[in-house]
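S.K.: Give me the fold of what follows.
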Amino acid sequence: MPIIDYINKPNLVKIITWEVSETNEELLDFLQLNEYRIEKYKTLRPKQAREYLGLRACLKELGVDYDVNYDEKGKPYLPTDAEISITHSYGKVSVGVSDFAIGIDIELSRPHKISNIKNKFVRKDEQEWLPKIDENEYLHIIWGIKEGLYKLNGGNLWNFLNHYRIEAFELEENKPIACWISDDEKSLKYTAYYKMIEDHYLIWVLDHE
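M.R.: Numbers count the residues shown, from 1 in each chain. Next up is the predicted model:
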């Protein structure tokens, strides 16, 4: 079972990252899906089918082997009190569960691409503290935090420049990073964290202020 990373912070968050490297047949044998899930699996395109099997594997290992539902905004939820967030990247599937609202993102390190889109997601006040040394690492983390905020907020189509803000931080894995969602009426503070998994950035954002 290729669990390549498992974050377990009691009373806060659990996140499993799975490298979907097995064959579909091996995953199906491990999962022993019921008839409803098998029928759903059969309707999916090949890439989606493998992501679905990876998702089900993560849910099983997290002890929340439920069907995932989606609200009108596309935000996933479980038939329990646990909050959930899901992310995929190049064969990796990460699933996070928490008692708090959560948004997670996993992204492959792509320095050239992230640098090219910098002005689309980094605010002017963020650029003021953004270091020139290791800038691409900061850019990946800022992007991931804003993706996490977007998911935590229910997938509202807000602008990464106008509605999401990250406070200055240091490159230190698992250290809290303050971040905000703002609209015309209020600003709400959240806490983000990151870590590297091979050549991917895993970000998780929690509403536990």
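S.K.: which of the residues in stretch 194-209 are buried?
M.R.: Judged by neighbour count using 16 or more other Cβ atoms under 10 Å, the buried positions of stretch 194-209 are 194, 195, 197, 200, 201, 202, 203, 204, 205, 206, 207. No exception for glycine: its C-beta is placed from N, CA and C like everyone else's.
S.K.: Show me what the helix or strand bottoming out on mean pLDDT in the chain is in contact with.
M.R.: Taking mean pLDDT, DSSP states H and E as the measure, the helix or strand of the chain with the lowest value is strand 69-70, at a mean of 92. Residues from elsewhere that reach strand 69-70 (Cβ atoms under 8 Å, 6 or more residues apart in numbering): 76, 77, 78, 79.
S.K.: how far is that strand from where the chain is centred?
M.R.: Taking Cα atoms, centre = their mean, to the nearest Å, one finds strand 69-70 lying 16 Å from the centre of the chain it belongs to.
S.K.: And stretch 119-126, by the same measure?
M.R.: Worked out by Cα atoms, centre = their mean, stretch 119-126 lies 21 Å from the chain centre.
S.K.: Going forward, the N-terminal residue is numbered 217.
M.R.: Let's use 217 as the start, then, which means that last one is stretch 335-342.
S.K.: Can you tell me which of the buried residues of stretch 410-425 is nearest residue 356?
M.R.: Nearest to residue 356, judged by Cβ to Cβ, of these is residue 417 at 4.7 Å.
S.K.: list the contacts for the closest one?
M.R.: 321, 322, 323, 325, 356, 357, 360, 410, 411 are the contacts of residue 417 under Cβ under 8 Å, 6+ apart.
S.K.: With residue 272 instead?
M.R.: 243, 247, 249, 253, 281 are the contacts of residue 272 under Cβ under 8 Å, 6+ apart.
S.K.: mind listing what the longest strand along the chain pairs with, with the direction of each?
M.R.: The single longest strand within the chain, with elements called by DSSP state E, is strand 403-413. With DSSP bridges as the test, strand 403-413 is paired with strand 393-398 (antiparallel), strand 416-422 (antiparallel).
S.K.: Break the protein into its domains for me.
M.R.: 219-315, 321-422 (automatic domain parsing).
S.K.: Just the pLDDT for residue 373.
M.R.: Note on residue 373: pLDDT of 59.
S.K.: circling back to that earlier point, now, the contacts of strand 285-286 that are in strands?
M.R.: 292, 293.
S.K.: and the most far-flung residue of the chain relative to its centre, how far is that from residue 257?
M.R.: Most distant residue from the mean C-alpha position of the chain: residue 251, 28.7 Å away (Cα atoms, centre = their mean). For residue 251, the distance to residue 257 equals 11 Å [Cβ to Cβ, to the nearest Å].
S.K.: show me where pLDDT drops low in the chain?
M.R.: Scanning the chain for pLDDT under 70 picks out the ranges 217, 371-373, 425.
S.K.: show me where it has strands.
M.R.: Going by DSSP E, the chain shows strands at 219-225, 229-235, 285-286, 292-293, 299-305, 308-314, 318-324, 380-382, 393-398, 403-413, 416-422.
S.K.: Quick one: closest of those to residue 275.
M.R.: For residue 275, the closest of the strands of the chain is strand 308-314, at 6.3 Å, according to Cβ to Cβ.
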